[in-house]
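1. Sharing a model that was predicted from the sequence below.
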Amino acid sequence: MEKGEKGFSLIEVLIALALAGIIAVGFLSSLATVSAVTITTDERETAWNLAKTQMEYVKDQAYATSYATAPIPDEYGGYTATIDVESLHDPSIQKITVTIERHGEEITTLEGYKVR
């Protein structure tokens, strides 16, 4: 190098690389968090829609002491539904509770009433 020419020293280059690395790690970890939140939100929304479908299925059935679940389509693998019926003081009203699980973990619960 001739006198008067300026360039980057090794220390300046290493500091710039370290800062770029720190920024990249922060960016990539935020992408991972966003991805996990998106998956969880999709799972909950799917479970909620399945619960509403199950509730409508029960309401379309004849009045009974228990109800079978509606078939869950194959594309929703891992999701299961449970329907609980509670008779209230008035024998013509039932409290229906639909619980949706995925791989054994409860995702959502929907409660409603059925009238004879």
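-> Received the coordinates, thanks. Numbering: from 1, shown residues only.
2. For this protein, which segments are assigned as strands?
-> Using DSSP state E, the strands of the chain run over 79-87, 93-102, 105-115.
3. Pick the most deeply packed of these.
-> Mean neighbours per residue, mean count of other CB atoms under 10 Å, is largest over the strands of the chain for strand 93-102, with a mean of 18. Quick note: C-beta positions are derived from backbone N, CA and C, even for glycine.
4. Switch the strands of the chain over to CSV; also include mean pLDDT and distance to Q54.
-> Converted to CSV, the strands of the chain look like this (pLDDT from 0 to 100; distance: least, CB to CB, whole Å):
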stretch, mean pLDDT, distance to Q54
strand 79-87, 95, 5
strand 93-102, 96, 4
strand 105-115, 95, 8
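5. show me where pLDDT drops low in the chain?
-> The chain contains residues with pLDDT under 70 at 1-5.
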